[in-house]
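> Predicted model and sequence follow; I will ask about them next.
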Amino acid sequence: MTACLMAHQLAQYGTGITLIESKKIGTVGVGEGSTPYLKEFFDLLNITEAQWMPACNATYKCGIGFPGWSTEPQYESYFHPFYSDLDGPLAKQFFDLCNARRTGGNVYAHPDDFFVASALVQQNKAPVSEAISPNKLMYAYHFDAELLGQFLRCHALQLGVHHIDEKVTDVSKNAEGNIALLQTQNSGQLRGDFFVDCSGFSGLLIQKTLGEKLVSYKKHLFNNSAVAIQTPLELDKPLSSYTVSKALSCGWVWQIPLANRYGNGYVYSSDYLDKEQAEQELRDVLGPAAQGQKALHLHWQPGRIEQHWKRNCLAIGLSQGFLEPLEAPMLFVVQKSIERFIELFTQCNFSDQKQDDYNKEINAMIDGTRDYLQAHYKLNSRQDTQYWRDNRDNPALSDTLRSILDKWFDGGNLDLVLHQNMHKLAYLKTSWYCLLAGKGRFTNTLKQPKTNLTNQSVAAKLEIAKITASFHDHKQYLQQLFAP
């Protein structure tokens, strides 16, 4: 991603880009979901869906389902949709119902009834319609991560990126403390003016060479492990267009539908579950489909570094930190980190102040993501394991998250708090309302409903049904898109 964006946007400045990667070092191979911002990435590179999606067994993603996180009646599951222009009036009705419900109004305020993306998912439809402009609907993708990496490598080469299959064995700094050169296994020394660290969890340049330390977020986000297992598609069933994030005993399991298989994984905390227990619990959930399928185990420390741009090095991806896979946020962090750096680079007037501002901006984005992810766990109402009880009782909240939750529960002006903290948020109003209402966390003191709010859910469903009638069946549309 970095090589493609830099080559596309910096070629006019005479910038030479070399991509160094080794076939001997494997990739993580998971991370198969995205947010709608990935569409902007492909649009910027002028890569069409017909070009990249078949090459990566990609499918459409309208949002994320969260079954099992709540035990509140009628709110045991909810869907986090990607908000779009089509949702405007109906979304306002949803916000009004939420605010009525949390101040005691006896109304039904579930997000699943008020967003176009929710209806598309319920009907197994793709977010594609010839009758509606594609700019009016936000959506994301599922994809095979390894195949997407290969596709982008080829695209980078077409853009003039120099590619070297090599293993870096040592890194040297100059007298000023900047990175000067890379020592490779077979190609000798490779010099450069600026270096981008995409070396993954090892942080070869930013951490091991420049000494940047990881700031742990374990007190906020307990999960530090995952086990992933691929399973075959159920060919006789419709193809869903969303990610499932289902709560289990000590974490949650994802299911991602690709065009040729399912990607599944259990995200959990090793403080509550060992890897063997986690794998068995995942296999029990997947059933016979997982029999004989290889399991991939992953482990990380949730957190981030403080300086993503340090001296003549920029950390991108896992080298800059990782939170966890919930809501698939980290690819967004990658994309925005690259784009913001390129924006500053093209101004051609680097300074320590620019680097400081950049690092603060990226940290705010990651911290805002951390707050939104932690809210999922803080708001759970499960009682079955100590893991869920400890997450709910966790006192380690940022001031921003605490102010949002306090305002939601005291019935005050939530919109004002969200606006006041806008520069600290990675997720906006719709996402917060869907999360807070979707888990059914309302006051237990109910009053009589306001007459103008009682039937809005039914009316919204009817209106959305009209909008979604022209959208394509997901499986059928992909068959057309993938046809030779």
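Right, received. Where do you want to start?

> use CA for all of it now, contacts and neighbours both
Noted.

> Does A119 touch T468 like I think?
Yes. Counting by C-alpha atoms under 8 Å, A119 touches T468, with 7.2 Å between them.

> just checking, what packs against the lowest-mean-pLDDT helix or strand in the chain?
Here the helix or strand of the chain ranked lowest by mean pLDDT, DSSP states H and E is helix 456-468, holding a mean of 86. Helix 456-468 sits against helix 116-122, with contacts defined as 3 or more C-alpha pairs under 8 Å, 6 or more residues apart in numbering; DSSP states H and E.

> Would you mind listing the buried residues in the helix it packs on?
For helix 116-122, burial by neighbour count (16 or more other C-alpha atoms under 10 Å) applies to 116-121.

> other SSEs contacting the lengthiest helix in the chain?
Scanning the chain for the longest helix, with DSSP state H as the assignment, gives helix 352-378. Helix 352-378 is packed against strand 309-310, helix 330-345, helix 386-393, helix 399-410, with contacts defined by 3+ C-alpha pairs under 8 Å, 6+ apart.

> could I get the ones you listed as a markdown table with distance to Q150?
Below are the helices and strands packed on helix 352-378 laid out as a markdown table (distance: least, C-alpha to C-alpha, whole Å):
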| stretch | distance to Q150 |
| --- | --- |
| strand 309-310 | 26 |
| helix 330-345 | 16 |
| helix 386-393 | 38 |
| helix 399-410 | 39 |
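
> Find the one among the ones you listed with the highest mean neighbour count.
Ranked by mean neighbour count, these are led by strand 309-310 with a mean of 20 (mean count of other C-alpha atoms under 10 Å).

> Show residues contacting it.
206, 210, 315, 355, 358-359 (C-alpha atoms under 8 Å, 6 or more residues apart in numbering).

> cool, and stretch 111-122?
62-63, 78-83, 86-87, 90-91, 93-94, 126-127, 240-242, 434, 437-438, 457-458, 460-461, 464-465, 467-468, 471.

> go with 7 Å
The contact list for stretch 111-122 (C-alpha atoms under 7 Å, 6 or more residues apart in numbering) reads 62-63, 78-79, 81-82, 87, 90-91, 94, 126, 240-242, 434, 438, 457, 460-461, 464, 468.

> for the record, mean pLDDT for it?
Averaging pLDDT along stretch 111-122 yields 96.

> Can I get that stretch in PDB? Just the C-alpha atoms.
Taking C-alpha atoms only, stretch 111-122 is exported to PDB below (Å, rounded to 0.1, in the frame of the first residue of the first chain):
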ATOM      1  CA  PRO A 111     -30.200   0.400  14.900                       C
ATOM      2  CA  ASP A 112     -31.000  -2.600  12.600                       C
ATOM      3  CA  ASP A 113     -34.200  -1.000  11.400                       C
ATOM      4  CA  PHE A 114     -32.900   2.400  10.200                       C
ATOM      5  CA  PHE A 115     -30.000   2.000   7.800                       C
ATOM      6  CA  VAL A 116     -29.800   0.900   4.200                       C
ATOM      7  CA  ALA A 117     -26.700  -1.300   4.900                       C
ATOM      8  CA  SER A 118     -28.600  -3.300   7.500                       C
ATOM      9  CA  ALA A 119     -31.400  -4.100   5.000                       C
ATOM     10  CA  LEU A 120     -28.900  -5.100   2.300                       C
ATOM     11  CA  VAL A 121     -27.300  -7.600   4.700                       C
ATOM     12  CA  GLN A 122     -30.600  -9.000   5.700                       C
END
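
> Point out where this protein drops to low pLDDT.
Scanning the chain for pLDDT under 70 picks out 348-350, 449-455.

> before we move on, the earlier item: wait, which of the buried residues of helix 116-122 is closest to E306?
Compare each of these with E306 using C-alpha to C-alpha and the shortest gap goes to A117, at 36.2 Å.
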